[in-house]
Every structure is written in structure tokens, then in C-alpha cells.
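**Student:** Have a look at this prediction, sequence included:
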Amino acid sequence: MRGAPIGAKMPLTNLACQNAKCPQGKPRARLADAQGLYLEVLPNGGRYWRLKYRFDMRITMRWQPGHNLAMRLSMSPRGQPDGSGVVLPLLHLLTPIDDVSTHYFFSMGRHVALDDAELHAGMMAFVRQAFEQEDEPMIAACQEQMGTTDLLSLRPVLLTTDVATMKARRRLQALIDGEQRGGNPVVGST
């Protein structure tokens, strides 16, 4: 028995898992267990349990010029209301020091597995890796290569995905200009 095809309701037996083989010439065989769980068998005999899980993911952001970004990431089973699954509130607080330096504070919360020290440690390691080993060195290298704080003076190629950041940049500049004039800036949707 090779196991049931993906989507079947019959769970795999121990014997079926032990005897499962990848058909010759195929990159893998997938044998369904139950509720999206399946066994993936590779030509070299490797066996991996996989879970096919579909969910709706939503991200909402609120930006307060020029230093706060509040985000809310939620994941729930498909078709379920927002907030019925995992919700991760995120907060980014930025305090400029000078033209090229900023204090960056980050906070992330969760409403599940609050007493799970191992999950907490894993989330902290993930965040530290992302900020300290990926984002920070990349931002520093970009700043050094640019040689200026005026991004637009470099005439960058702008993509459709840059629209929101360009609007934020223009709005922030309008606020700075208004503050320097000593008045209240009038910020339109530029």
C-alpha cells in the first residue's frame, strides 16, 4: 500500500509509512494522513511529515509621522473572522539622533501560549536575527553606498510597490518644512 492520495480521509498506518516509496522518476511522493498532514517521501528515502494548512493573513498598519508605526498581524483559519486565530501586535518606535542615526525600538506581543518559555525564546531569537544580523547591516551598507541622506537626488528607479513609502516620505518632508517655518504644516495626500 502506497498510502492514500492527498485529500483522502483515511489516516496512514505505521506499516504504510514504513513501506512508502517514491515512484521512480518522480521528485517526491506525498501520502495523505488526516487533516492536512501528509508524509513526503523523497527518492533518496528521506521521509518528512508536512502539514498543509491554509489560513487568512491580515496586516493592518498605522503610521504616525515621522516616528511610530503600529502593526497588527492576524492569522485565522480560512473564512473565519479576523481575530479568531493568532494575533500579533507590533510596534516600531523610531527616534532620530541625526541625519544618519536613529534609535529604533521594537515590540511584539501575542495572545497565545503566554506561559511557553521556549516559544518566547524562539520569537526573541527570530527578532534579534532579523534586526541585528539582517536589517541593521543592510541599512548601514545602503547608507554608506548612497553617500547622501537625499535618496531622490540619486534618481532611483521607483516601482509600483514604492508608492506608499514615497507618499510617506513626501508627507514627512511637508511636516518638517512646516515645522521649520514655525507654523502648522498643511499636509495633503501627495
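**Tutor:** That came through fine.
**Student:** May I see the buried residues of the top helix by length along the chain?
**Tutor:** In the chain, taking DSSP state H as the definition, the longest helix is helix 163-181. By neighbour count on 16 or more other C-beta atoms under 10 Å, the buried set for helix 163-181 is Arg171, Gln173, Ala174, Leu175. No exception for glycine: its C-beta is placed from N, CA and C like everyone else's.
**Student:** Am I right that the last one is in contact with Pro65?
**Tutor:** Yes. Under the criterion of C-beta atoms under 8 Å, Leu175 lies in contact with Pro65, with a separation of 5.4 Å.
**Student:** Kindly check the end-to-end length of stretch 16-29 for me.
**Tutor:** One end of stretch 16-29 sits 13 Å from the other (C-alpha to C-alpha, to the nearest Å).
**Student:** Domains in the protein, by residue range?
**Tutor:** Taking automatic domain parsing as the reference, the chain has its domains at 14-51, 55-115+123-149, 150-183.
**Student:** In CSV: those domains, plus mean pLDDT.
**Tutor:** Converted to CSV, those look like this (pLDDT from 0 to 100):
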stretch, mean pLDDT
domain 14-51, 88
domain 55-115+123-149, 86
domain 150-183, 86
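**Student:** what about Leu12, how many residues close to it?
**Tutor:** Using other C-beta atoms under 10 Å, Leu12 has 19 neighbouring residues.
**Student:** Count the residues that sit near the closest residue to it other than its chain neighbours.
**Tutor:** Counting by C-beta to C-beta, 6 or more residues apart in numbering, Leu12 lies nearest to Asp33, which is 4.7 Å off, once chain neighbours are set aside. Around Asp33 there are 22 other residues, counting by other C-beta under 10 Å.
**Student:** now do Arg155
**Tutor:** Neighbours around Arg155, by other C-beta under 10 Å: 7.
**Student:** quick one: the helices in the protein?
**Tutor:** Using DSSP H, helices in the chain cover 14-19, 117-128, 136-146, 163-181.
**Student:** Run through the neighbouring helices and strands of the second one.
**Tutor:** In this structure, helix 117-128 makes packing contacts with strand 102-108, judged by 3 or more C-beta pairs under 8 Å, 6 or more residues apart in numbering; DSSP states H and E.
**Student:** Run me through the strand neighbours of the strand it packs on, direction for each.
**Tutor:** Here strand 102-108 is paired, per DSSP bridges, with strand 86-96 (antiparallel).
**Student:** Can you mark which positions in the strand it pairs with are buried?
**Tutor:** Applying 16+ other C-beta under 10 Å to strand 86-96 flags Val87, Leu88, Leu90, His92 as buried.
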